[in-house]
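Visitor: Whatever this is, show me its structure:
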Amino acid sequence: MRRAVSDVHYIYTMVQEGALVHFVLDAADPSAKISTGLNDQAELWEVYKERDPAMVQALGTPGHPAARRPPIRATRIPGASS
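Guide: Numbering: from 1, shown residues only. Predicted structure coming up:
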């Protein structure tokens, strides 16, 4: 994914469990380090401590996910070859 979209640095999947948000998948380069020398890639189930309003909205609220009901069904993906 990072090769396909080279100008995007962070791509990850997260879930919310109660009040905590956890990393499930972090596509960062596993050998990359931050300025302190620690790995740039999050560990599985690591707690994400920052709270961005867009992220909170996307995660939804317990019992009420942010997904549309009914889901949108695309008949053709824009930009995809036929």
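Visitor: now the helices for the chain?
Guide: In the chain, the helices defined using DSSP state H lie at 53-59.
Visitor: list the contacts for residue 26?
Guide: Residues in contact with residue 26 (Cβ atoms under 8 Å, 6 or more residues apart in numbering) are 10, 11, 12, 41, 42. From N, CA and C alone the C-beta is placed, and that goes for glycine too.
Visitor: Could you export these as CSV, including neighbour count and distance to residue 24?
Guide: What follows is these, written out as CSV (neighbours: other Cβ atoms under 10 Å; distance: Cβ to Cβ, whole Å):
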residue, neighbour count, distance to residue 24
10, 11, 14
11, 13, 12
12, 13, 8
41, 18, 13
42, 18, 9
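Visitor: Tell me which of those fall in strands.
Guide: Judged by DSSP state E, the subset of the contacts of residue 26 located in strands is residue 12.
Visitor: Pick the one among the contacts of residue 26 closest to residue 57.
Guide: Here the nearest of those to residue 57, counting by Cβ to Cβ, is residue 12; it sits at 16.9 Å.
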